[in-house]
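*Asks:* prediction below, plus the sequence it came from.
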Amino acid sequence: MDMQQSHLARQTRHYAEHAGYRIDAHPHHARLYHVTLKADALEAFFSRFAQFNSQHLEYVPYARFTLAQGLAELVGDGFLAALSAIVHDRDSGGFTVGVEGVTNDPQDYVKFGTAIGHLIGPGNFDAMSGTYYARFVVKDSDASDSYLRQAYRLFTLHTDGTFVDEATDWLLMMKFEERSAAGGESRLLHLDDWEDLETFAEHPLAAYAFTYTSPPSKNVAQEVLRPTFFKVNDKPCICFIDQFVSPETIEHADWLARLSASLEASPATAAIPLPVGDLIVLNNSFWMHGRAPFERHPELHRELMRQRGRFARA
(Lines give C-alpha, C1' and ligand atoms only; values in the text may rest on other atoms or scores of the structure.)
Protein backbone atom coordinates (compact mmCIF):
# COMPACT_ATOMS: atom_id res chain seq x y z
CA MET A 1 0.00 0.00 0.00
CA ASP A 2 1.31 3.51 -0.83
CA MET A 3 2.27 5.63 2.15
CA GLN A 4 -0.27 8.30 1.18
CA GLN A 5 -3.01 5.69 1.31
CA SER A 6 -1.99 4.26 4.68
CA HIS A 7 -4.51 6.43 6.58
CA LEU A 8 -7.43 4.81 4.80
CA ALA A 9 -9.18 1.80 6.26
CA ARG A 10 -8.68 -1.25 4.06
CA GLN A 11 -11.91 -2.33 2.35
CA THR A 12 -12.50 -6.03 3.03
CA ARG A 13 -16.22 -6.76 2.63
CA HIS A 14 -15.87 -8.18 -0.86
CA TYR A 15 -12.98 -10.55 -0.17
CA ALA A 16 -13.81 -13.94 -1.70
CA GLU A 17 -12.22 -17.13 -2.96
CA HIS A 18 -13.98 -19.48 -5.36
CA ALA A 19 -12.94 -22.18 -7.79
CA GLY A 20 -12.61 -19.74 -10.70
CA TYR A 21 -11.56 -16.48 -9.04
CA ARG A 22 -10.30 -14.72 -5.94
CA ILE A 23 -10.91 -11.18 -4.69
CA ASP A 24 -8.18 -9.61 -2.54
CA ALA A 25 -6.94 -6.24 -1.41
CA HIS A 26 -5.39 -4.12 -4.10
CA PRO A 27 -1.65 -3.80 -3.39
CA HIS A 28 -1.51 -0.05 -4.06
CA HIS A 29 -4.84 1.44 -2.94
CA ALA A 30 -6.86 0.79 0.22
CA ARG A 31 -10.23 1.35 -1.46
CA LEU A 32 -9.65 -0.90 -4.48
CA TYR A 33 -9.82 -4.66 -4.87
CA HIS A 34 -7.78 -6.89 -7.16
CA VAL A 35 -9.53 -9.82 -8.82
CA THR A 36 -7.47 -12.84 -9.88
CA LEU A 37 -9.00 -15.22 -12.42
CA LYS A 38 -7.78 -18.80 -12.65
CA ALA A 39 -5.73 -19.51 -15.76
CA ASP A 40 -7.81 -22.51 -16.83
CA ALA A 41 -10.99 -20.40 -16.81
CA LEU A 42 -9.30 -17.71 -18.90
CA GLU A 43 -7.95 -20.27 -21.36
CA ALA A 44 -11.42 -21.75 -21.70
CA PHE A 45 -12.88 -18.27 -22.29
CA PHE A 46 -10.46 -17.37 -25.08
CA SER A 47 -10.89 -20.82 -26.64
CA ARG A 48 -14.72 -20.66 -26.55
CA PHE A 49 -14.75 -17.23 -28.23
CA ALA A 50 -11.82 -17.69 -30.60
CA GLN A 51 -14.13 -17.08 -33.57
CA PHE A 52 -15.23 -13.69 -32.26
CA ASN A 53 -13.32 -10.69 -33.58
CA SER A 54 -13.50 -6.97 -32.84
CA GLN A 55 -15.52 -6.22 -35.98
CA HIS A 56 -18.21 -8.70 -34.90
CA LEU A 57 -18.34 -7.07 -31.46
CA GLU A 58 -18.55 -3.60 -33.01
CA TYR A 59 -21.36 -4.54 -35.40
CA VAL A 60 -23.46 -6.80 -33.15
CA PRO A 61 -24.11 -5.29 -29.70
CA TYR A 62 -25.63 -8.44 -28.19
CA ALA A 63 -22.38 -10.30 -28.92
CA ARG A 64 -20.73 -8.17 -26.21
CA PHE A 65 -23.13 -9.58 -23.65
CA THR A 66 -22.56 -13.07 -25.05
CA LEU A 67 -18.90 -12.65 -24.07
CA ALA A 68 -19.86 -11.40 -20.61
CA GLN A 69 -22.22 -14.33 -20.07
CA GLY A 70 -19.57 -16.79 -21.23
CA LEU A 71 -16.92 -15.41 -18.87
CA ALA A 72 -19.37 -15.45 -15.94
CA GLU A 73 -20.30 -19.08 -16.66
CA LEU A 74 -16.67 -20.20 -16.87
CA VAL A 75 -15.58 -18.35 -13.73
CA GLY A 76 -18.78 -19.17 -11.86
CA ASP A 77 -19.88 -18.75 -8.26
CA GLY A 78 -21.50 -15.34 -8.38
CA PHE A 79 -18.78 -13.56 -10.35
CA LEU A 80 -21.17 -11.09 -12.00
CA ALA A 81 -22.79 -10.19 -8.69
CA ALA A 82 -19.40 -9.78 -7.00
CA LEU A 83 -18.08 -7.30 -9.57
CA SER A 84 -21.34 -5.36 -9.65
CA ALA A 85 -21.39 -5.12 -5.85
CA ILE A 86 -17.86 -3.69 -5.77
CA VAL A 87 -18.57 -1.02 -8.39
CA HIS A 88 -21.79 0.06 -6.63
CA ASP A 89 -20.18 0.07 -3.17
CA ARG A 90 -19.55 3.71 -2.19
CA ASP A 91 -16.66 2.71 0.10
CA SER A 92 -14.83 1.09 -2.82
CA GLY A 93 -16.27 1.45 -6.33
CA GLY A 94 -13.31 -0.02 -8.17
CA PHE A 95 -11.19 -3.08 -8.96
CA THR A 96 -8.40 -4.32 -11.18
CA VAL A 97 -8.25 -7.65 -13.03
CA GLY A 98 -6.10 -9.07 -15.81
CA VAL A 99 -5.52 -11.92 -18.23
CA GLU A 100 -2.74 -13.46 -16.07
CA GLY A 101 -0.38 -13.81 -19.01
CA VAL A 102 -2.68 -16.29 -20.76
CA THR A 103 -2.61 -14.16 -23.93
CA ASN A 104 -0.99 -11.02 -25.30
CA ASP A 105 -3.18 -10.80 -28.41
CA PRO A 106 -4.85 -7.36 -28.71
CA GLN A 107 -7.99 -9.04 -30.10
CA ASP A 108 -8.19 -11.10 -26.90
CA TYR A 109 -7.69 -7.95 -24.83
CA VAL A 110 -10.70 -6.35 -26.56
CA LYS A 111 -12.80 -9.47 -25.84
CA PHE A 112 -11.71 -9.61 -22.20
CA GLY A 113 -12.32 -5.92 -21.56
CA THR A 114 -15.68 -6.16 -23.31
CA ALA A 115 -16.71 -9.13 -21.18
CA ILE A 116 -15.72 -7.44 -17.91
CA GLY A 117 -17.37 -4.14 -18.84
CA HIS A 118 -20.60 -5.76 -19.96
CA LEU A 119 -20.87 -7.66 -16.70
CA ILE A 120 -21.37 -4.19 -15.18
CA GLY A 121 -23.66 -2.82 -17.90
CA PRO A 122 -23.96 -1.77 -21.55
CA GLY A 123 -21.13 0.20 -23.11
CA ASN A 124 -21.66 3.72 -24.43
CA PHE A 125 -20.87 4.83 -27.96
CA ASP A 126 -17.42 6.46 -28.03
CA ALA A 127 -17.58 9.17 -30.70
CA MET A 128 -13.78 9.52 -30.77
CA SER A 129 -13.42 6.00 -32.22
CA GLY A 130 -16.88 5.52 -33.73
CA THR A 131 -17.67 2.38 -31.74
CA TYR A 132 -18.12 1.29 -28.12
CA TYR A 133 -14.39 1.29 -27.22
CA ALA A 134 -11.38 3.42 -28.06
CA ARG A 135 -7.75 2.33 -28.42
CA PHE A 136 -5.22 5.14 -28.27
CA VAL A 137 -1.44 5.48 -28.14
CA VAL A 138 0.64 7.87 -26.04
CA LYS A 139 4.11 8.49 -27.50
CA ASP A 140 6.96 10.99 -27.54
CA SER A 141 5.37 13.45 -29.96
CA ASP A 142 1.75 14.58 -30.13
CA ALA A 143 -0.25 17.09 -32.15
CA SER A 144 -3.72 16.36 -30.76
CA ASP A 145 -6.14 18.88 -29.30
CA SER A 146 -6.51 17.57 -25.74
CA TYR A 147 -4.33 16.30 -22.89
CA LEU A 148 -5.27 12.65 -23.54
CA ARG A 149 -2.17 11.85 -25.62
CA GLN A 150 0.24 14.49 -24.27
CA ALA A 151 2.79 12.32 -22.51
CA TYR A 152 4.91 14.81 -20.63
CA ARG A 153 2.34 16.90 -18.86
CA LEU A 154 0.13 16.14 -15.88
CA PHE A 155 -3.29 14.90 -17.01
CA THR A 156 -5.42 16.56 -14.35
CA LEU A 157 -8.06 14.74 -12.31
CA HIS A 158 -11.42 14.47 -14.03
CA THR A 159 -14.46 12.30 -14.66
CA ASP A 160 -15.42 10.93 -18.09
CA GLY A 161 -18.55 11.63 -20.12
CA THR A 162 -18.81 15.31 -19.21
CA PHE A 163 -19.57 16.51 -22.77
CA VAL A 164 -22.07 13.85 -23.83
CA ASP A 165 -25.77 13.74 -22.97
CA GLU A 166 -25.90 10.16 -21.69
CA ALA A 167 -25.05 8.65 -18.33
CA THR A 168 -21.46 7.49 -17.82
CA ASP A 169 -21.70 5.31 -14.74
CA TRP A 170 -18.52 3.27 -15.12
CA LEU A 171 -15.12 3.57 -16.75
CA LEU A 172 -12.74 0.79 -17.84
CA MET A 173 -9.11 1.30 -18.87
CA MET A 174 -6.93 -1.62 -20.08
CA LYS A 175 -3.22 -1.50 -20.92
CA PHE A 176 -2.39 -3.22 -24.22
CA GLU A 177 1.29 -2.44 -24.72
CA GLU A 178 4.10 -0.43 -23.17
CA ARG A 179 7.70 0.26 -24.26
CA SER A 180 10.36 2.71 -23.02
CA ALA A 181 7.84 4.05 -20.52
CA ALA A 182 8.74 5.41 -17.08
CA GLY A 183 6.16 7.37 -15.10
CA GLY A 184 2.67 7.84 -16.53
CA GLU A 185 0.99 6.06 -13.62
CA SER A 186 -2.80 6.25 -13.22
CA ARG A 187 -3.71 8.98 -10.68
CA LEU A 188 -6.84 8.25 -8.66
CA LEU A 189 -8.88 10.13 -6.07
CA HIS A 190 -11.98 8.77 -4.33
CA LEU A 191 -14.32 11.68 -3.63
CA ASP A 192 -14.77 10.75 0.05
CA ASP A 193 -11.00 11.06 0.61
CA TRP A 194 -10.88 14.65 -0.68
CA GLU A 195 -10.45 17.03 2.24
CA ASP A 196 -12.39 19.87 0.57
CA LEU A 197 -15.40 17.87 -0.62
CA GLU A 198 -17.88 19.56 1.72
CA THR A 199 -16.52 23.05 0.96
CA PHE A 200 -17.06 22.70 -2.80
CA ALA A 201 -20.09 20.35 -2.84
CA GLU A 202 -22.09 22.79 -0.67
CA HIS A 203 -21.02 25.95 -2.51
CA PRO A 204 -23.82 27.83 -4.37
CA LEU A 205 -22.08 27.07 -7.70
CA ALA A 206 -22.01 23.33 -6.99
CA ALA A 207 -25.44 22.89 -8.61
CA TYR A 208 -24.92 25.46 -11.37
CA ALA A 209 -25.30 23.91 -14.84
CA PHE A 210 -22.02 24.71 -16.61
CA THR A 211 -21.69 24.35 -20.38
CA TYR A 212 -19.42 21.54 -21.61
CA THR A 213 -18.05 21.36 -25.15
CA SER A 214 -15.25 19.25 -26.64
CA PRO A 215 -12.48 19.74 -29.23
CA PRO A 216 -12.81 18.39 -32.81
CA SER A 217 -10.97 15.12 -32.09
CA LYS A 218 -13.82 13.97 -29.82
CA ASN A 219 -16.33 14.13 -32.72
CA VAL A 220 -19.07 15.52 -30.46
CA ALA A 221 -20.57 18.78 -31.74
CA GLN A 222 -23.23 19.29 -29.07
CA GLU A 223 -23.11 21.47 -25.97
CA VAL A 224 -24.16 19.84 -22.71
CA LEU A 225 -25.23 21.55 -19.48
CA ARG A 226 -24.08 19.75 -16.34
CA PRO A 227 -23.93 20.61 -12.63
CA THR A 228 -20.56 19.88 -11.06
CA PHE A 229 -22.01 18.15 -8.00
CA PHE A 230 -25.11 15.95 -7.73
CA LYS A 231 -26.29 13.23 -5.33
CA VAL A 232 -26.76 9.48 -5.71
CA ASN A 233 -28.18 7.62 -2.70
CA ASP A 234 -27.87 10.95 -0.82
CA LYS A 235 -24.07 10.97 -1.33
CA PRO A 236 -22.28 13.73 -3.26
CA CYS A 237 -21.00 12.82 -6.72
CA ILE A 238 -19.02 14.87 -9.24
CA CYS A 239 -18.90 15.61 -12.98
CA PHE A 240 -15.87 17.69 -13.95
CA ILE A 241 -13.00 18.11 -16.37
CA ASP A 242 -11.03 21.33 -16.57
CA GLN A 243 -10.42 21.20 -20.35
CA PHE A 244 -14.03 21.18 -21.52
CA VAL A 245 -16.03 23.26 -19.02
CA SER A 246 -16.89 26.83 -20.14
CA PRO A 247 -17.33 29.44 -17.38
CA GLU A 248 -19.44 32.48 -18.16
CA THR A 249 -18.08 34.88 -15.57
CA ILE A 250 -14.91 35.63 -13.61
CA GLU A 251 -16.67 34.21 -10.55
CA HIS A 252 -17.30 30.93 -12.37
CA ALA A 253 -13.71 30.72 -13.61
CA ASP A 254 -12.30 31.44 -10.17
CA TRP A 255 -14.44 28.75 -8.55
CA LEU A 256 -13.56 26.15 -11.19
CA ALA A 257 -9.84 26.98 -10.93
CA ARG A 258 -9.93 26.68 -7.14
CA LEU A 259 -11.83 23.38 -7.44
CA SER A 260 -9.22 21.88 -9.78
CA ALA A 261 -6.33 23.19 -7.68
CA SER A 262 -7.81 21.68 -4.53
CA LEU A 263 -8.27 18.29 -6.22
CA GLU A 264 -4.71 18.32 -7.52
CA ALA A 265 -3.32 19.27 -4.11
CA SER A 266 -5.13 16.49 -2.23
CA PRO A 267 -2.68 14.13 -0.48
CA ALA A 268 -5.29 11.38 -0.92
CA THR A 269 -4.54 11.21 -4.66
CA ALA A 270 -2.66 7.99 -5.38
CA ALA A 271 -0.58 7.03 -8.41
CA ILE A 272 -0.90 3.30 -9.07
CA PRO A 273 0.77 1.07 -11.68
CA LEU A 274 -1.25 -0.98 -14.19
CA PRO A 275 0.59 -3.94 -15.77
CA VAL A 276 0.17 -4.82 -19.44
CA GLY A 277 -2.86 -7.10 -19.79
CA ASP A 278 -4.58 -5.66 -16.70
CA LEU A 279 -7.54 -3.31 -16.57
CA ILE A 280 -9.16 -1.09 -13.98
CA VAL A 281 -12.90 -0.46 -13.56
CA LEU A 282 -14.09 2.59 -11.59
CA ASN A 283 -17.43 4.09 -10.60
CA ASN A 284 -17.31 7.31 -12.61
CA SER A 285 -19.59 9.21 -10.21
CA PHE A 286 -17.26 9.27 -7.21
CA TRP A 287 -13.80 8.39 -8.57
CA MET A 288 -11.67 10.95 -10.36
CA HIS A 289 -8.77 9.84 -12.52
CA GLY A 290 -5.82 11.33 -14.35
CA ARG A 291 -2.28 10.46 -15.38
CA ALA A 292 1.16 11.34 -14.04
CA PRO A 293 3.68 12.73 -16.58
CA PHE A 294 6.00 10.29 -18.35
CA GLU A 295 9.76 10.68 -18.29
CA ARG A 296 10.99 11.82 -21.69
CA HIS A 297 12.05 9.06 -24.08
CA PRO A 298 12.09 9.16 -27.90
CA GLU A 299 10.81 5.57 -28.09
CA LEU A 300 7.98 6.01 -25.59
CA HIS A 301 4.95 3.91 -26.56
CA ARG A 302 1.88 3.04 -24.49
CA GLU A 303 -1.43 1.79 -25.85
CA LEU A 304 -4.60 1.75 -23.77
CA MET A 305 -8.20 0.77 -24.40
CA ARG A 306 -11.07 2.77 -22.92
CA GLN A 307 -14.65 1.64 -22.44
CA ARG A 308 -17.41 3.59 -20.71
CA GLY A 309 -20.95 2.63 -19.96
CA ARG A 310 -24.12 2.62 -17.92
CA PHE A 311 -25.19 0.37 -15.10
CA ALA A 312 -27.38 -2.54 -16.14
CA ARG A 313 -31.04 -2.09 -15.27
CA ALA A 314 -32.22 -4.44 -12.55
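*Replies:* Okay, I see it.

*Asks:* what about the closest residue to Asp242 other than its chain neighbours, neighbour count?
*Replies:* Once flanking residues are discounted, Asp242 sits nearest to Ser260: 4.8 Å by Cβ to Cβ, 6 or more residues apart in numbering. Where C-beta positions appear, they are placed from N, C-alpha and C, glycine not excepted. Look at Ser260: counted by other Cβ atoms under 10 Å, it has 17 neighbours.

*Asks:* likewise Ser285?
*Replies:* Ser285: 24 neighbours (other Cβ under 10 Å).

*Asks:* which SS state does the nearest residue to it once chain neighbours are set aside fall under?
*Replies:* Spatial nearest neighbour of Ser285, excluding adjacent residues (Cβ to Cβ, 6+ apart): Cys237 at 3.9 Å. Taken by DSSP: H, G, I helix; E, B strand; the rest coil, the conformation at Cys237 corresponds to strand.

*Asks:* ok, back up a step: report the buried residues of the helix or strand harbouring the residue nearest to Asp242.
*Replies:* Counting by DSSP states H and E, the element that carries Ser260 is helix 250-265. The neighbour-count check on helix 250-265 (16 or more other Cβ atoms under 10 Å) flags Trp255, Leu256, Leu259, Ser260, Leu263 as buried.

*Asks:* the residue nearest to Asp242 against Thr156, yeah?
*Replies:* Yes. Counting by Cβ atoms under 8 Å, Ser260 touches Thr156, with 6.2 Å between them.

*Asks:* quickly list what's touching both of these two.
*Replies:* Shared contacts of Ser260 and Thr156, defined by Cβ atoms under 8 Å, 6 or more residues apart in numbering, comprise Asp242.

*Asks:* quick check: buried residues in stretch 125-134?
*Replies:* For stretch 125-134, a neighbour-count test (16+ other Cβ under 10 Å) marks Asp126, Ala127, Met128, Tyr132, Tyr133, Ala134 as buried.

*Asks:* any regions of the stretch 201-314 of the chain where pLDDT drops low?
*Replies:* In the predicted model of the stretch 201-314 of the chain, residues 314 satisfy pLDDT under 70.

*Asks:* could I get the full set of helices for the stretch 101-250 of the chain?
*Replies:* 106-120, 197-201, 250-265 (DSSP state H, counting those that start in this stretch).

*Asks:* closest to Gln150 out of the buried residues of helix 250-265?
*Replies:* Ser260 (16.7 Å; Cβ to Cβ).

*Asks:* that closest one and Asp142: what is the separation?
*Replies:* Per Cβ to Cβ, to the nearest Å, Ser260 is found 22 Å from Asp142.

*Asks:* and what of Pro122?
*Replies:* To Asp142, Pro122 is 31 Å away according to Cβ to Cβ.

*Asks:* again with Arg48
*Replies:* According to Cβ to Cβ, Arg48 and Asp142 sit 39 Å apart.

*Asks:* one more: His56?
*Replies:* Distance of His56 to Asp142, computed by Cβ to Cβ: 32 Å.

*Asks:* still on that earlier bit, farthest-apart pair in the buried residues of helix 250-265, please.
*Replies:* Greatest spacing in those, by Cβ to Cβ: Trp255 and Leu263 (12.8 Å).

*Asks:* mind checking pLDDT for the residue lying closest to Tyr147 once chain neighbours are set aside?
*Replies:* Excluding the flanking residues, the one nearest Tyr147 by Cβ to Cβ, 6+ apart is Phe155, at 5.0 Å. Phe155 is assigned a predicted lDDT (pLDDT) of 91.

*Asks:* so what strands line up beside the following helix or strand past the helix holding Ser260?
*Replies:* Beyond helix 250-265 on the C-terminal side, the first helix or strand identified by DSSP H and E is strand 270-272. Using DSSP bridges, strand 270-272 pairs in its sheet with strand 186-190 (antiparallel).

*Asks:* what's the angle from the partner strand to helix 250-265?
*Replies:* If you take axes from the mean of the first three to the mean of the last three Cα atoms, to 10 degrees, strand 186-190 sits at 110 degrees to helix 250-265.

*Asks:* what lies in contact with strand 186-190?
*Replies:* By Cβ under 8 Å, 6+ apart, strand 186-190 touches 29, 31-32, 93-94, 155, 157, 173, 263, 266, 268-274, 280, 282, 286-292.

*Asks:* related to what we said a few turns ago, need the helices of the stretch 101-250 of the chain in CSV (columns: distance to His88).
*Replies:* Below are those laid out as CSV (distance: least, Cβ to Cβ, whole Å):
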stretch, distance to His88
helix 106-120, 9
helix 197-201, 20
helix 250-265, 23
